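Q: Fold the following and give me the result.
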Amino acid sequence: MGFHPDGLQPVLRHAERLAALLFVYDLAPPSRDEAARRWLLGRAAEVERYAESVVDDWVMGRLDEGAAAMALQGYVDAIHEGLGSMFGAREPSCCHARKKVRVRRRQS
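A: This next block holds a predicted model:
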């Protein structure tokens with residue numbers, strides 16, 4: 001998603017991880033529950049589009065950094081609620097950011 005201000009970056013990264021998790025669930029639903037399958041259908045793309053929409057609103061000046069972060073966090077929270085009710089996922093893996101490890105090559 002590129003560079004964004006510090007106040008928006010963490011929630012954008014969380015939304016990216018959430019979309020990735022939903023995409024995996026969509027490919028291999030963890031439940032045979034038809035309502036859960038319907039809830040998942042297209043949800044990953046929805047999260048991506050919503051995040052893009054919030055960023056667009058921030059870029060165009062319709063939302064300031066704080067309002068954009070609050071709007072996206074509220075949406076992410078609502079999707080988490082849905083995950084919890086459908087799959088019992090109270091703290092899904094998207095909530096745990098992994099630090100990137102960079103390996104430096106030795107210079108000869």
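
Q: in the helix or strand bottoming out on mean pLDDT in the chain, what's buried?
A: The weakest-scoring helix or strand in the chain, judged by mean pLDDT, DSSP states H and E, is helix 34-40 (a mean of 86). By neighbour count with 16 or more other CB atoms under 10 Å, helix 34-40 contains the buried residues 36, 39, 40. (Glycine included, C-beta is placed from N, CA and C.)

Q: Tell me which residue lies nearest the centroid of this protein.
A: residue 15 (1.6 Å; CA atoms, centre = their mean).

Q: Let me know whether that residue touches residue 53 as I believe.
A: No: using CB atoms under 8 Å, residue 15 is not in contact with residue 53; the gap is 11.2 Å.

Q: for the protein, what's the longest helix?
A: Counting by DSSP state H, the longest helix found in the chain is helix 65-87.

Q: Show me what it is packed against.
A: helix 9-27, helix 34-40, helix 43-59 (3 or more CB pairs under 8 Å, 6 or more residues apart in numbering; DSSP states H and E).

Q: what angle separates it from helix 43-59?
A: If you take axes from the mean of the first three to the mean of the last three CA atoms, to 10 degrees, helix 65-87 sits at 170 degrees to helix 43-59.

Q: buried sites along helix 65-87?
A: Buried, per 16+ other CB under 10 Å, within helix 65-87: 68, 69, 71, 72, 73, 75, 76, 79, 80, 83, 86, 87.

Q: Let me know how buried residue 21 is, in neighbour terms.
A: 20 (other CB atoms under 10 Å).

Q: coming back round to it: now render the buried residues of helix 65-87 as JSON lines, adding pLDDT.
A: Listed next are the buried residues of helix 65-87 as JSON lines, based on pLDDT from 0 to 100:
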{"residue": "68", "pLDDT": "96"}
{"residue": "69", "pLDDT": "95"}
{"residue": "71", "pLDDT": "96"}
{"residue": "72", "pLDDT": "96"}
{"residue": "73", "pLDDT": "95"}
{"residue": "75", "pLDDT": "96"}
{"residue": "76", "pLDDT": "93"}
{"residue": "79", "pLDDT": "92"}
{"residue": "80", "pLDDT": "87"}
{"residue": "83", "pLDDT": "84"}
{"residue": "86", "pLDDT": "79"}
{"residue": "87", "pLDDT": "76"}
